[in-house]
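Visitor: curious how this folds, go ahead:
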Amino acid sequence: MSNLRFVPREVVGVTYTSSQFAEDLVKEITIVSVAMAVTWPLQVVAFRSMAQFVGGEHIYDSVVGALQEVINTEGVAGLYKGLFPMWYSYVSITGVMYVAVFSYASYNNVNPYNLKLVTAVAGAIANSFFYPLKLAARVFAVSGARLAAARPPRMPSFANWRDLHNYLIATGDSKRGSSMIFRNIPIKGVTQRLSLRSN
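Guide: Numbering: from 1, shown residues only. Okay, here's the model as predicted:
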């Protein structure tokens, strides 16, 4: 999501108007929306097939069987569980990157490397900010499935993705898995480990 399809190659050395900006932003959001609507059911199956490892189940081993399982247990709506927060995060990230590129291009539009740098930095910052929504979407896509990892006691029940998002924030897990190098340890977990060592 750090590369824009329209903006960087079109703004170098030319005047980039606000109408061109709006047109390119609408094109990009349309592409993201259609791609997500088409591929999200497969992502739901992928998330669940990974989650089934926890309990050693084999419910989501084949794509066709997994799609049938979701439809039989949750209906067609189950295929799109968690889509909205993921879509919202990607649309927001796209908007942030376009605004950053448009703002920079209005100031200086002759250096293509600077535009790529602005796009990458804006994308990284936006991705970090909207990561909790992406995490909530992925976890909510798994919640409620007939899997050990998706039911109590391993996962609480959630009425909707906002409940899950609030739960992740309250437990300090909203940034969990966001970095390959640094790991977030919830304060509650650190306190428990420290208290166990002191006994």
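Visitor: and the residue positioned nearest the centre of the chain, what helix or strand is that in?
Guide: The structure's the chain has its C-alpha centroid closest to residue 134; by CA atoms, centre = their mean the separation is 2.6 Å. In the assignment (DSSP states H and E), residue 134 maps to helix 112-142.
Visitor: show me what secondary structure element comes after that helix.
Guide: helix 161-171.
Visitor: still on that earlier bit, how many neighbouring residues does the closest residue to the residue nearest to the centre of the chain other than its chain neighbours have?
Guide: Nearest non-adjacent residue to residue 134, counting by CB to CB, 6 or more residues apart in numbering: residue 89, 5.1 Å away. Yep, even glycine has a C-beta here, placed from its N, CA and C like the rest. Residues near residue 89, counting by other CB atoms under 10 Å, number 22.
Visitor: and the helix or strand hosting residue 89, how far from the chain's centre?
Guide: Using DSSP H and E, residue 89 maps to helix 83-107. On the basis of CA atoms, centre = their mean, to the nearest Å, helix 83-107 sits 14 Å off its chain's mean C-alpha point.
Visitor: do stretch 57-65 as well
Guide: 23 Å.
Visitor: in it, what's buried?
Guide: 57, 59-60 (16 or more other CB atoms under 10 Å).
Visitor: tabulate those residues (TSV), appending distance to residue 148, pLDDT and secondary structure.
Guide: Below are the buried residues of stretch 57-65 laid out as TSV (distance: CB to CB, whole Å; pLDDT from 0 to 100; DSSP: H, G, I helix; E, B strand; the rest coil):
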residue	distance to residue 148	pLDDT	secondary structure
57	7	94	coil
59	11	94	coil
60	13	94	coil
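Visitor: and which of the residues you listed is nearest to residue 17?
Guide: residue 60 (48.4 Å; CB to CB).
Visitor: picking up where we left off before, quick one, what contacts the residue nearest to the centre of the chain?
Guide: Residues counted as contacts of residue 134 (CB atoms under 8 Å, 6 or more residues apart in numbering) are 85-86, 89.
Visitor: if we go to 10 Å?
Guide: With contact set as CB atoms under 10 Å, 6 or more residues apart in numbering, residue 134 has these partners: 82, 85-86, 88-90, 93, 127, 177-178.
Visitor: save those residues as a markdown table, and put in distance to residue 158 and pLDDT too.
Guide: Formatted as a markdown table, the contacts of residue 134 follow (distance: CB to CB, whole Å; pLDDT from 0 to 100):
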| residue | distance to residue 158 | pLDDT |
| --- | --- | --- |
| 82 | 11 | 96 |
| 85 | 12 | 97 |
| 86 | 16 | 97 |
| 88 | 17 | 97 |
| 89 | 18 | 96 |
| 90 | 21 | 94 |
| 93 | 24 | 94 |
| 127 | 24 | 93 |
| 177 | 18 | 84 |
| 178 | 20 | 84 |
